[in-house]
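*Asks:* All I have is the shape, not the residue letters:
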């Protein structure tokens, strides 16, 4: 799979990103965590290997801390060419003539249904207990703008005195 290009045996520290820089050296940079500093972090060279890169290869730091390379996978899944299917003519088959029977018309007779007298019991309505409706508190909105305006007004009042 991967070929080891340079043995350097770099030991990794937690919270750092290890990579091969443009000059072919092993470098590390602190990873961005928890919304700290934005932008590019300062990188420090860990091992000077000076690996010369060849096009079409991916260079990385393997588990043992050595610089390794692997051929890049290009193109992903190859699309299969659409094969044109030839249309085959179906031979006409001779069908035997069959005589169809005529369906006799059925007389529609409605059956008389007798309505049975059903006695209904008096339904007593149950008293439903009134539920106490609790008003929901509206979601708190960010009041950063209000706070700043209040501060400004209090400062102005202090200055006037």
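*Replies:* Arrived safely. Please read all numbers here as calculations on a predicted model, not as lab measurements.
*Asks:* nearest residue to residue 74 other than its sequence neighbours?
*Replies:* Closest residue in space to residue 74, ignoring its immediate chain neighbours: residue 56 at 7.9 Å, by C-beta to C-beta, 6 or more residues apart in numbering. Backbone N, C-alpha and C define where each C-beta goes, glycine included.
*Asks:* Count the neighbours of that neighbour for me.
*Replies:* 9 (other C-beta atoms under 10 Å).
*Asks:* from memory it sits against residue 69, does it?
*Replies:* No. Using C-beta atoms under 8 Å, residue 56 is not in contact with residue 69, being 9.8 Å away.
*Asks:* Report how many residues lie close to residue 5.
*Replies:* 19.
*Asks:* these two touch, right, it and residue 68?
*Replies:* Yes. Counting by C-beta under 8 Å, residue 5 does reach residue 68; the two are 6.2 Å apart.
*Asks:* Between those two, which contacts overlap?
*Replies:* Shared contacts of residue 5 and residue 68 (C-beta atoms under 8 Å, 6 or more residues apart in numbering): residue 59.
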